[in-house]
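> below: sequence and its predicted model.
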Amino acid sequence: MPAIPRPIIPDKDLFKMEEACRILQLPAHTLRYWEDQIPSLKPARLPGGHRRYTRRHLESLLQVRDLMRDKRMTLAGARRTLLGERAEAKPTAANAGAAAKLLADVRTELQSILSELNR
């Protein structure tokens, strides 16, 4: 079965459910089910209860759709794949240590500039 071409996400920040369904080529009930099964896919809601999807949500949903259709994964397998990729993307202890050192250096530099200005 040939892969379905990846749709182009319009240049917007937020999308209504209808727009998300059209872009993803999925029915609304499928999106709602996936939101229940994969908590990181839950979109923000307006006070009236309407869902608003971000570009990041749509990209994740496209990835789930591709994993399920092209690689024949179950929803649980797609969820594990997404969680695994997010875990890899988190900063490691070495990166956190380097960031902390950089912040300390910036703070020291800013304090020296402030002391020079106060003279």
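Okay, I see it. Residues are numbered from 1 along each chain as shown.

> so how far is Gly97 from the residue positioned nearest the centre of the chain?
By C-alpha atoms, centre = their mean, the mean C-alpha position of the chain lies nearest to Arg56, the distance being 4.1 Å. Applying C-beta to C-beta, to the nearest Å, the value for Arg56 to Gly97 is 27 Å. To be clear about C-beta, it is placed using only N, CA and C from the backbone, and glycine gets the same treatment.

> secondary structure element for the residue nearest to the centre of the chain?
helix 55-69 (DSSP states H and E).

> hang on, Ile8 in a helix?
No: the assignment for Ile8, made by DSSP: H, G, I helix; E, B strand; the rest coil, is coil rather than a helix.

> so it versus Ala28, what's the distance?
From Ile8 to Ala28 the distance is 21 Å (C-beta to C-beta).

> which of those two has more neighbours?
Neighbours were counted for Ile8 and for Ala28 using other C-beta atoms under 10 Å; Ala28 has more, 12 against 7.

> which neighbouring elements make contact with the helix or strand bottoming out on mean pLDDT in the chain?
Ranking every helix and strand in the chain by mean pLDDT, DSSP states H and E puts helix 75-89 at the bottom, with a mean of 80. If contacts are counted by 3 or more C-beta pairs under 8 Å, 6 or more residues apart in numbering; DSSP states H and E, helix 75-89 sits against helix 28-37, helix 55-69.

> redo these as CSV? Include distance to Pro47.
As requested, those are arranged in CSV below (distance: least, C-beta to C-beta, whole Å):
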stretch, distance to Pro47
helix 28-37, 19
helix 55-69, 19
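
> could you identify which of the ones you listed is most buried?
With neighbours taken as mean count of other C-beta atoms under 10 Å, the helices and strands packed on helix 75-89 reach their highest mean count in helix 55-69, at a mean of 17.

> if we can go back for a sec, nearest to Leu75, out of the helices and strands packed on helix 75-89?
helix 28-37 (5.5 Å; C-beta to C-beta).

> related to what we said a few turns ago, centre of the chain to the helix holding Arg56, how far?
10 Å (C-alpha atoms, centre = their mean, to the nearest Å).
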